[in-house]
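> quick one, fold the following:
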Amino acid sequence: MKKNEPKKTNDLAEMFLAMQELEKTKGIPVDAMLENIKKSIEKACKSNYNNDDVVFAIDINNGVFQAYIQKTVVEEVTDPDKEVDTKQAREIDVRAEIGSKVRIPVDTKNLGRISVQNARSVIRQGIRDKEREITLNEFKEKLHDIVTAVVENIDPTTGNATIRINKSVATLTKAEQVGIDDLKEGDSVKVYIADIKEHEPGKKGKNKGPRAIISRTSDEFVKRLFELEVPEIYDGIVEIHSIAREAGSRTKLAVSSKNSDVDSVGACIGARGVRVAKIVEELGGEKIDIIEYKEKPEEFIAASLSPANVLKVEILDEENKTCRVTVPDSQLSLAIGNRGQNARLAARLTHWKVDIRPESGFYGEDESNEDEKLIADEASIDAESSAELEEATLESVEETAITNTEDEASSSFGADQAPEENSEEEIPVSE
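Predicted coordinates for the structure are as follows:
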């Protein structure tokens, strides 16, 4: 019997070590890489020997890798690429008989330069495909969830951050970073996986593979932070009804409790403000107003404008959700907020269009006056007109309005504020 010993070389041992390293760093199983190598050799054998009936002897621990072409034993050979006569077969294996198969070792050095290049391409493509599959599965498991990532580098031109999530890499664009974020290489940062693009087009129509859309500016990011920090929310006892956010500046959160014994606002704050303080710290000092959700629109709208005191809420058009809110003259600027922010967030939180007016009326005119109506219309709170509203209303009550900055500061919880030590009720959060 003429033995065909499998090859055992230092090169093979190094190849197996490299595969094991790839498995550790990129999560690509060694078996998956071996399968791609087998496919590439089968393809090369088909091209060079017109025979893709290939079997392998592999021993990773001992660095053994050998490929064999199988040929069928026949009395008279008609296809030398796939058949061998009895005499030749028995020189390889004395037990060979007609109809059986014998294994003939393949010398990979004789596969040809083009075949070797093709084999390498198949292996590389196989590794890329496996990487994409692992990345996609990893992102799918965390879709609509918060993960902790490590910042690998920051693009000095765009400000985009390349971050590593376990064994996958993603990009946190500058637009999705909180304005006050000062990310550095090596930092750990929490991000929200908002969406996944399974097939991201690249150059010349090539598929770049799956890509995660990650964010720190979305409303859902804040919602998930509260779910992580507040057990009552996670357990479903406290419900988050709506969130309105201007990332890096301020967030309004409406909550309610399904258990009369549980205070929804207090649960979100935590003892001495510990729970909300952690969230504020994660958001870099972003102010958070927590208010109790009300079923009655008038009550909910009034609460949403906190820290301002609301005297009256009039529903103008229930179908189109428009209303008019009356506040004390001294509270007008507080209700509107800096550049209309407080009123704008209240409108987003309640999904109502809000017209704000002082108790004395615009320019001291009667409510039925057409000019006043025009000014009230212009004072409608939305994202486009809020800045103009603040300028017009502040000018109209120039002699009477008092800008109560201390009250405004006390309405929200931020990193620059600390709750009182002796009472949770004194913690400055909107109710």
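
> rest of the way, CA atoms for contacts and neighbours
OK.

> low-confidence ranges in the stretch 201-350 of the chain?
Residues of the stretch 201-350 of the chain meeting the criterion pLDDT under 70: 201-209.

> and the helices in it?
With DSSP state H, counting those that start in this stretch, the ranges of helices along the stretch 201-350 of the chain come out as 219-229, 231-234, 264-269, 274-282, 297-304, 332-336, 341-350.

> now the angle from the fifth one to helix 341-350?
Interaxial angle, helix 297-304 versus helix 341-350 (axes from the mean of the first three to the mean of the last three CA atoms, to 10 degrees): 140 degrees.

> what does helix 297-304 contact?
For helix 297-304, the external contacting residues (CA atoms under 8 Å, 6 or more residues apart in numbering) are 252, 291-294, 309-310, 312-315, 325, 346, 349-350, 352, 430-431.

> try 6 Å
By CA atoms under 6 Å, 6 or more residues apart in numbering, the surrounding residues in contact with helix 297-304 are Lys294, Val310, Val313, Ala346.

> which one of those residues is nearest to Gly236?
The closest of the contacts of helix 297-304 to Gly236 turns out to be Lys294 (CA to CA; 17.7 Å).

> follow-up on the earlier one: widest-spaced pair of the contacts of helix 297-304?
Lys294 and Val310 (14.8 Å).

> please determine how far the closest residue to Thr173 other than its chain neighbours is located from Ile214.
The shortest distance from Thr173 to any non-neighbouring residue, by CA to CA, 6 or more residues apart in numbering, is to Asn160 (4.4 Å). Taking CA to CA, to the nearest Å as the measure, Asn160 falls 12 Å from Ile214.

> higher neighbour count, these two?
Between Asn160 and Ile214, counting by other CA atoms under 10 Å, Ile214 is the more crowded of the two (25 against 18).

> residues contacting the more buried one?
Tyr192, Ile193, Ala194.

> how about 8 Å then?
Shown in contact with Ile214 (CA under 8 Å, 6+ apart): Ala170, Thr171, Leu172, Glu176, Val191, Tyr192, Ile193, Ala194, Asp195.

> hang on, isn't the fourth one packed against Ile213?
When you say that, I think you mean Glu176. No: Glu176 is not in contact with Ile213 according to CA atoms under 8 Å; the separation is 9.4 Å.

> domain assignment for this structure?
Segmentation of the chain into domains, based on automatic domain parsing, reads 10-132, 142-217, 219-296+413-431, 307-410.

> so what does Thr173 look like in phi/psi?
phi -70, psi 160 (degrees, to the nearest 10).

> now swap in Ile98 and tell me
The phi and psi torsions at Ile98 (degrees, to the nearest 10) take the values phi -60, psi 130.

> longest helix anywhere in this protein?
Longest helix of the chain, by residue count under DSSP state H: helix 113-141.

> what's the neighbour count on the closest residue to Glu42 other than its chain neighbours?
Excluding the flanking residues, the one nearest Glu42 by CA to CA, 6+ apart is Asp52, at 5.2 Å. Residues near Asp52, counting by other CA under 10 Å, number 20.

> in contact with Asp52, which residues are there?
Glu42, Lys43, Cys45, Lys46, Ile69.

> make CSV out of those residues and add neighbour count, distance to Asp181 and secondary structure.
Shown next, in CSV, are the contacts of Asp52 (neighbours: other CA atoms under 10 Å; distance: CA to CA, whole Å; DSSP: H, G, I helix; E, B strand; the rest coil):
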residue, neighbour count, distance to Asp181, secondary structure
Glu42, 21, 53, helix
Lys43, 21, 52, helix
Cys45, 23, 56, helix
Lys46, 17, 57, helix
Ile69, 22, 60, strand
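
> mind listing the helices for the stretch 51-200 of the chain?
86-92, 113-141.

> any chance of those helices in CSV, with mean neighbour count too?
Listed next are these as CSV, based on neighbours: other CA atoms under 10 Å:
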stretch, mean neighbour count
helix 86-92, 17
helix 113-141, 17
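
> could you tell me the least trusted of those?
When the helices of the stretch 51-200 of the chain are compared by mean pLDDT, helix 113-141 comes last with a mean of 75.

> which helices and strands does that one pack with?
Helix 113-141 is packed against helix 30-49, strand 188-197, with contacts defined by 3 or more CA pairs under 8 Å, 6 or more residues apart in numbering; DSSP states H and E.

> excluding chain neighbours, what is closest to the most centrally placed residue in the chain?
Note on the chain: the residue nearest the mean C-alpha position is Ile193, at 1.4 Å, using CA atoms, centre = their mean. Leaving aside its sequence neighbours, Ile193 sits nearest to Ile214 (CA to CA, 6+ apart; 4.5 Å).

> from the chain's centroid, how far away is stretch 123-138?
20 Å (CA atoms, centre = their mean, to the nearest Å).

> got the contact list for it?
Residues outside stretch 123-138 that contact it (CA under 8 Å, 6+ apart): 26-28, 32-33, 36-37, 40, 167-168, 198, 209-211.

> can we see that at 10 Å?
Stretch 123-138 is contacted from outside by 22, 26-29, 32-41, 117-122, 139-140, 143, 165-170, 196-199, 208-212, using CA atoms under 10 Å, 6 or more residues apart in numbering.
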